[in-house]
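1. Coordinates for the following, if possible.
(one chain, ligands or ions: 1)
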Amino acid sequence: MILQFLFIVSVILFIVDRWKPRKFLKLHNDVGNYFTYWPIFGNSLNFTGTSEELMNTFIQLTIQAYDRVHKATSIWIMSKIFVIISDADQAALVLESALEKKYVHNYVKDLFGNGSIFAPVRHWHRRRKILESTFTQKYVNNCVKIFERQSKKIAELIEPRVGKGDFSCFDYISHSALGSFCKTMFGVDVDSQRETVHIFLNALTDFCKITTARLFQPWLNIDFIYKLREKQDNNIRIINNFIDNLISIKKSSVEEGNEKIGETNKEEECDRDKANFKTISELVIKKSTEIDKEYTDEELREESVALALAVETSSIGTSFVFLLLSQHQNVQDSVYKEIREVLGETEKPLQSKDLLNLKYTTAVIKETLRLYPPVPLIMRYCENDLELPSGLVLPEGCNAIINIWGIQRNRDHWGEDASEFNPDRFMSERVLKPNAFMAFSYGSRNCIGQQYAMLSITTTLVILLRRYRFKPATNFKYNKNNPIRLSLDLMMKHDDNFILQVENRINSNCNS
Ligand code: HEM
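-> Take a look at the predicted model:
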């Protein structure tokens, strides 16, 4: 029975493979790649293997793109064509004109529904309007107190790791960022629930891993063979339960007149009152009511799950910054020096205006996100024919992959030293090509949380660098011949889980 089914499916796929639309065949002819094409599978067999191998395949496609007329490659994922764009101007046009994320939305909708990040455009307009009115610079400035408190908790938690050799900083950072998110989104403190947070973050990571595998290897969607649906359903259940629980705590606290918001303590409440702090959930509900009708619990959950994923992106960015600082001691010294000069010796509460004055620190964060963008690619769907500046036409119905990784390392935009870590390039008045920095994307569907992410990363840097010096992990010095190992699972991470070492600054010799 199974064999018969597989035979019929193979015949159908073979026919589909032979009769691809002419416009797509022409597109592949104009763009193409150097990989082997397999009947039925197209290039998708190149995307099997570990998350690290997937990232390496992607890097190879980027290198191929640099040598091609349109600075792009095209791949067949079974019978679907994807054009991978590695030039800033070509990408900018696609990001401005093609707003749909149809292909990827199909794979993630069971979890994110119409949550803003992947939402179909008909839902996205309203969601974007609501979020945009919330994530203003003014609002984000008020979140600094929460970022500061959470970062101090990381500082306490890593204390036992001081001088004890290699450890991964990622889990500490990611727990803390989720803590900030739960506080800013719902006013709920989850710090005492480390195990629940851990299970939630693992489910989110596993969801991304399975989704990425399925995106590039569509046969993994045959559930009765691969049994991934059950795993994915379990991940979704864990993630939704966690968020639903936060929503219900928030709701009951509102009903009880904000008497007890989660496990908020008195001192924190006092701070919140001072800043007249409203949670993101309060603001989005208010805005949705003003626009048309109040967010349902389901809408609020979808948006919250999307934002939790976005916050995980920020944790990855923060961890890359620490990884690079551990490798570049001179840069770490300069950041520390700037922190002392701008913020002084005493540990006054941090103010966003001071953090925004940390120009070199900001340059270090941007340079890190340039070389190691946590979201290295974005998929968009072309609903109409789209002519790019190079003359290439992306026909209606094809998918474009914006190769943020490739654009941010393209020598045409960044010069011959494009793959070197040099924060000074963001200190100069004139960045070589401003739209080539796309870590937060570009155009009307760009990242809403850019200021939130930048301030939260800066706060964590300030708090941890004041107290600690970060050193490379044993026997690990990266260079051209020994690059940082990367993995790709919707987001890009360090495959060795951001391993480094930590010392007390007070005891370290270079304390200037
Ligand atoms: C270093 C951290 C971050 C990076 C690198 C990043 C990057 C991105 C990228 C590449 C996109 C896709 C945009 C597109 O499709 O064109 C995006 C979308 C988005 N991000 Fe971020 N993000 C970060 C942190 C955050 C944070 C902390 C939040 C909120 C708390 C956030 C909220 C969003 C939202 C809501 C969208 C969807 C925007 C839309 O579709 O209109 N992001 N982000």
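
2. Looking at this protein, what residue ends up closest to the ligand?
-> Gly449 (2.0 Å; C-beta to the nearest ligand atom). C-beta: built from backbone N, CA, C; applies to glycine.

3. Pretty sure Ser314 is one of the things that residue touches, is it not?
-> Yes. Counting by C-beta atoms under 8 Å, Gly449 touches Ser314, with 7.2 Å between them.

4. Looking only at neighbour counts, state which of the two leads.
-> Ser314 (24 against 17; other C-beta atoms under 10 Å).

5. List the contacts of that one.
-> Neighbouring residues of Ser314 by C-beta atoms under 8 Å, 6 or more residues apart in numbering: Ala177, Pro374, Gly449, Tyr452, Ala453, Ser456, Ile457.

6. What count of nearby residues applies to the last one?
-> Counted with other C-beta under 10 Å, residues neighbouring Ile457 total 29.

7. So, low pLDDT: which residues of this protein?
-> Under the criterion of pLDDT under 70, the regions of the chain flagged as low confidence span 1-2, 5, 9, 13-16, 18, 226, 256-276, 431, 507-512.

8. For Pro472, see how far away Gln327 is.
-> In this view, Gln327 and Pro472 are 6 Å apart by C-beta to C-beta, to the nearest Å.

9. Ok, Arg340 next?
-> Computed as C-beta to C-beta, the Arg340 to Pro472 distance reads 23 Å.

10. Likewise for Tyr37?
-> Counting by C-beta to C-beta, the gap from Tyr37 to Pro472 is 42 Å.

11. Looking at the two, which one has more neighbours?
-> A count of neighbours by other C-beta under 10 Å puts Pro472 above the other of Tyr37 and Pro472, at 18 against 15.

12. Return the residues in contact with the nearest residue to the more buried one once chain neighbours are set aside.
-> Spatially, and ignoring its direct neighbours in sequence, Pro472 is nearest to Ser326 (5.0 Å; C-beta to C-beta, 6 or more residues apart in numbering). Listed by C-beta under 8 Å, 6+ apart, the contact partners of Ser326 are Gln332, Phe470, Lys471, Pro472, Ala473, Leu500, Gln501.

13. Helices - which of the residues you listed land there?
-> When the contacts of Ser326 are checked against helices using DSSP state H, the ones located there are Gln332.

14. Most neighbours of all the contacts of Ser326, which one?
-> Using other C-beta under 10 Å as the neighbour criterion, Leu500 leads the contacts of Ser326 with 24 neighbours.

15. With Gly391 as the reference, measure out to the closest residue to that residue other than its chain neighbours.
-> In this structure, Leu500 finds its nearest non-sequential neighbour in Ser326, 4.1 Å apart by C-beta to C-beta, 6+ apart. Using C-beta to C-beta, Ser326 is found at 45 Å from Gly391.

16. Just give the closest residue to the most centrally placed residue in the chain, not the sequence neighbours.
-> Centre of the chain computed as the mean C-alpha position; nearest residue by C-alpha atoms, centre = their mean is Thr313, 3.1 Å away. Computed as C-beta to C-beta, 6+ apart, the closest residue to Thr313 that is not its neighbour in sequence is Pro374, at 4.6 Å.

17. who in the protein is up against the ligand?
-> Contact residues, the chain versus the ligand (C-beta under 6 Å from any ligand atom): 95, 116-117, 128, 131, 307, 310-311, 313-314, 317, 369, 374-375, 378, 439-441, 445-449, 452-453.

18. Now the buried members of these.
-> The neighbour count (16 or more other C-beta atoms under 10 Å) marks 95, 116-117, 128, 131, 307, 310-311, 313-314, 317, 369, 374-375, 378, 439-441, 445, 447-449, 452-453 as buried among the residues of the chain next to the ligand.

19. burial count for Leu3?
-> If we define neighbours as other C-beta under 10 Å, then Leu3 has 7 of them.

20. The one 4 residues further on now?
-> Phe7 is surrounded by 10 other residues when neighbours are defined as other C-beta under 10 Å.

21. From Arg229, how far out is it?
-> Phe7 sits 23 Å away from Arg229, going by C-beta to C-beta.

22. Strands of the stretch 301-450 of the chain, start to end?
-> Along the stretch 301-450 of the chain, counting by DSSP state E, counting those that start in this stretch, strands occupy 377-381, 386-387, 393-394, 399-403.

23. likewise the stretch 51-200 of the chain?
-> 72-77, 80-85, 167-168.

24. which one is Ile285 nearest to, not counting chain neighbours?
-> Excluding its sequence neighbours, the residue lying closest to Ile285 (C-beta to C-beta, 6+ apart) is Tyr295, at 5.3 Å.

25. residues touching that neighbour, list them.
-> When contacts are counted by C-beta under 8 Å, 6+ apart, Tyr295 is found next to Ile130, Val284, Ile285, Ser288, Glu303.

26. Just the closest of those residues to Ala213, please.
-> For Ala213, the nearest member of those is Glu303. The distance, counting by C-beta to C-beta, is 26.0 Å.

27. In contact with the closest one, which residues?
-> If a contact means C-beta under 8 Å, 6+ apart, then Glu303 has Gly115, Ser116, Arg127, Leu131, Val284, Tyr295 as its contacts.

28. mind listing which of those are in helices?
-> For these, the ones inside helices are Arg127, Leu131, Val284, with DSSP H as the criterion.

29. ok, back up a step: can you pull the contacts of the residue nearest to Thr313?
-> Taking C-beta under 8 Å, 6+ apart as the definition of contact, the neighbours of Pro374 are Thr313, Ser314, Ile316, Gly317, Phe320, Ala439, Met491, Met492, Lys493.
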